[in-house]
Every structure is written in C-alpha cells, then in structure tokens.
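Student: predicted model, plus sequence, below.
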Amino acid sequence: MTVLLTFALAAAATYLLRVWMTVAGGRLADSDRLAALSALVTPAVLAGMVASGVLLVHGSPSVPQVGAVLAVAAAFVVVRRTGNVGIGLVAGLLVNGLVVLVGIG
Amino acid sequence: MTTLALAEADAATPLAAPAGAVRQGIKDALPFSIALIPFGLALGTAGVANGLSFAEAMFGAAALLAGAAQLAVIESIGRGEGIVAAVVITVLINLRFVYYGSGVARWFAGAPLPSRLLLAFPLVDQNFLLSEQRFAGGGDLRWRQRYYVAVTAMLAGAFLVSQAIAYRVGAALPPELGLHLAAPLVFAGMLARSLDGAPARGAAVVAALGIPLCAGWLGPATLPVAVVLGVGCGLLIARRSARGTGAQGRRTR
C-alpha cells in the first residue's frame, strides 16, 4: 500500500509540473532562470543517483565493487561517444560480466 | 531521456507538417520507441530487484510515465527512504517538465482546458522533442492533437510492454548478469548526455561527492541535500565564468 501511495504522490507531483504552464498561462515559458536551473539540476540529480547506486549499501557508505565502478565508467564513456543510453547499458553490463568472470569483482 | 539542452538544440530545426497525422506520428516515434526498450527492461528488472510486485511496478510506470523518476522512486523504495524523500527526488528529476509544459500550452492553445490538461499528462522528453519540431512547421489544432496522441501511444506502448516483459523474465535471470546495476548504468548514461559546460560538470561532481559525505548522518535527505550543494556549486561556476567573460570583453575593448 505504501508503495502504491508513494507512486501516486510522485505521479501527482509530476503531473503538477507538467500542467504548470497550462494553468499559469505560460508566464514562466520564457524564463531563462528556469532553463538555467534545470540544466544544473538534471546532472546533479543524475550524478547523485549514480553515486548512491555505487557507493551506498542500504543507505550507508561502503567500499564500491570494482565491477560496478568499471561498469558505470564504461556506460558513461560509451554514451558520451554514441549518445545512446541503451548501448551504454549493454556495455556496462558486459564490463561487469567480464569483471565477474575474471574474478576481480 | 534527453536533457533540456539537447531538446532545445534539436527542437530548433522545424519539420514540415505533412498530411496523415497518425501515420507521421508513428513513423517519427518509431526510432524513439525502439530506443526506449532497453530503458524499459532496466526499469522492469529494477522493480524485481527492489521487491516490487508486478501490479506495483506497472502502476508506477503508468502513473508516472517518466522513466528516470520512476527508477529513482524504485531505488528510494528499495532503500526504505519513505514517501517524502521519493516525492522530493521525483520533483527534482522532473523539474524540466515545467519547461516542456510550455509546449502543450502553446501547441494546443485553441483546445478546451480539459483537453489540454489531459494532453499534458503523458508529456515526456521524446514527445516534447518530436512535437516541437513538427509543430514548428505548421498543422492545425486537430492535426497536432492526432499527431501528439499517435507519438505518445507509440512511446508509452514500448515503455510499458518492455517493462512488463522485463519484470516477468527478470525474476528468472541469474544475479551474475548484474541487472541490479541497471539503474546506476542508465543514470550514468543519462548523465553523460547532460554534461554541457563547466557549471553542469561542477554540479555533477559536487552532488556525487556529497552522497558518501552526507549519507551517514542525513539519511533520506542525503540526495536532495547533495543536489542542492551541486546546483549551488554550478551556479557559482556559471557566475564566475560570466564575470570572467565580462572582464575579458572590457580588456579587449
């Protein structure tokens, strides 16, 4: 029940963001500040999510696994070169698989 | 998922609005729909890894219709961080939708308010990008609505079906495949596409460093605090850069 409520509230918040311009009459449409802020919030949130996924275990800092770090680095580099997140995902999983296979993960 | 900067850059090239709105929408959305499949698979497996039931995972997917935020909420649930933390993370990730919402306000300005409110519900990076390009080339209100709905149906179909399949298959896959890493890998890929300029890089580095530094004592507030620190650093870098450019301009004159 808590999971459904969490998703419902997150969806409601997201919907409010989507309709903000429609309700507010587009007053913020040409806001340079909003565009500049959004351009910084997105990488900050994503970097935070990557760090959380690699450096935290159950919310506490821990020594990261070699395979996870190399996989994330591979995904980052591949997407930087190709621009395709799907290819980056596959590359990262392959690198992690190789590390596990070699036995250093 | 694309970033605001990428969307702005691509949206700058208007396309003509030919006849056959639905057919054109399907044709335009096809490559984007295919590109969504790996992301959907990652989301489905993340749902399995974090102990969500099939109904919970699919409800989250359909209600949010926003992959990055959905992944963040799933991870937050998995870490047991609570509802407030999940909603705050969602708002931070989806802040760009306020900007995208200006598209719906402009494209469907002649439509009744209930229609506009309904059309805003499935607004995501991809249909914003495609519509912004197509509608710059013309098309009446009816044509635009049909095109937008066709594009959205294609995207949502690929997104939801791939998640449903991944959820069912993911449970049977061995952990050695490393699918638990799907979330950080997708986020790393999205991060690689969003790093335009020194302020964005500074924001990302500081936010990433803030996670292990704050995690021990801030608990569920770790990510929001790290993001605020990162954005603050990015704003400082942008301000210094602007000052430096201004001083250089004065010296040149």
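Tutor: Structure received. Residues are numbered from 1 along each chain as shown, chains lettered A, B, ... in the order given.

Student: please name the nearest non-neighbouring residue to the residue most central in space within chain A.
Tutor: Note on chain A: the residue nearest the mean C-alpha position is A:Leu46, at 3.8 Å, using C-alpha atoms, centre = their mean. Counting by C-beta to C-beta, 6 or more residues apart in numbering or on different chains, A:Leu46 lies nearest to B:Leu191, which is 4.0 Å off, once chain neighbours are set aside. Any C-beta I mention is one placed from the backbone N, CA and C, and that applies to glycine too.

Student: so which strand or helix has that neighbour?
Tutor: Taking DSSP states H and E as the criterion, B:Leu191 maps to helix B:182-194.

Student: same deal with B:Leu41?
Tutor: Assigned by DSSP H and E, B:Leu41 belongs to helix B:21-49.

Student: that older thread, in the next helix or strand after the helix holding B:Leu191, which residues are buried?
Tutor: Scanning forward in sequence from helix B:182-194 by DSSP H and E, the next helix or strand is helix B:198-218. Applying a neighbour-count criterion of 16 or more other C-beta atoms under 10 Å in any protein chain shown, the buried positions in helix B:198-218 are B:199-215, B:218.

Student: any residue of the next helix or strand after helix B:198-218 up close to chain A?
Tutor: Later in the chain than helix B:198-218, the nearest helix or strand by DSSP H and E is helix B:222-252. Yes. Residues of helix B:222-252 contacting chain A under C-beta under 8 Å from any C-beta of the partner chain: B:Thr222, B:Leu223, B:Ala226, B:Val227, B:Gly230, B:Val231, B:Gly234, B:Leu235, B:Ala238.

Student: can you pull out the helices in chain A?
Tutor: For chain A, the helices defined by DSSP state H cover A:2-24, A:32-55, A:66-82, A:85-102.

Student: worst average pLDDT in these?
Tutor: Mean pLDDT across the helices of chain A is lowest at helix A:32-55; the value there is a mean of 82.

Student: can I get that one in PDB? Just the C-alpha atoms.
Tutor: Listed next in PDB are the C-alpha coordinates belonging to helix A:32-55 (Å, rounded to 0.1, in the frame of the first residue of the first chain):
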ATOM      1  CA  ASP A  32      15.900  32.000 -18.600                       C
ATOM      2  CA  ARG A  33      16.400  31.300 -14.900                       C
ATOM      3  CA  LEU A  34      14.200  28.200 -15.100                       C
ATOM      4  CA  ALA A  35      16.100  26.800 -18.100                       C
ATOM      5  CA  ALA A  36      19.500  27.600 -16.400                       C
ATOM      6  CA  LEU A  37      18.400  25.900 -13.100                       C
ATOM      7  CA  SER A  38      17.000  22.900 -14.900                       C
ATOM      8  CA  ALA A  39      20.300  22.500 -16.800                       C
ATOM      9  CA  LEU A  40      22.100  22.200 -13.500                       C
ATOM     10  CA  VAL A  41      19.500  20.200 -11.500                       C
ATOM     11  CA  THR A  42      19.400  17.300 -14.100                       C
ATOM     12  CA  PRO A  43      23.200  16.500 -14.000                       C
ATOM     13  CA  ALA A  44      23.300  17.000 -10.200                       C
ATOM     14  CA  VAL A  45      20.400  14.600  -9.600                       C
ATOM     15  CA  LEU A  46      21.800  12.000 -12.000                       C
ATOM     16  CA  ALA A  47      25.300  12.100 -10.500                       C
ATOM     17  CA  GLY A  48      23.800  11.800  -7.100                       C
ATOM     18  CA  MET A  49      21.800   8.700  -8.200                       C
ATOM     19  CA  VAL A  50      24.900   7.100  -9.800                       C
ATOM     20  CA  ALA A  51      26.900   7.700  -6.600                       C
ATOM     21  CA  SER A  52      24.000   6.300  -4.400                       C
ATOM     22  CA  GLY A  53      23.800   3.200  -6.600                       C
ATOM     23  CA  VAL A  54      27.600   2.500  -6.500                       C
ATOM     24  CA  LEU A  55      28.800   3.900  -3.100                       C
END
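
Student: for it, buried residues please.
Tutor: Per 16+ other C-beta under 10 Å, helix A:32-55 contains these buried residues: A:34-35, A:37-55.

Student: and what of stretch A:92-105?
Tutor: A:Gly92, A:Leu93, A:Val95, A:Asn96, A:Gly97, A:Val99, A:Val100, A:Gly105.

Student: from the chain's centroid, how far away is it?
Tutor: 22 Å (C-alpha atoms, centre = their mean, to the nearest Å).
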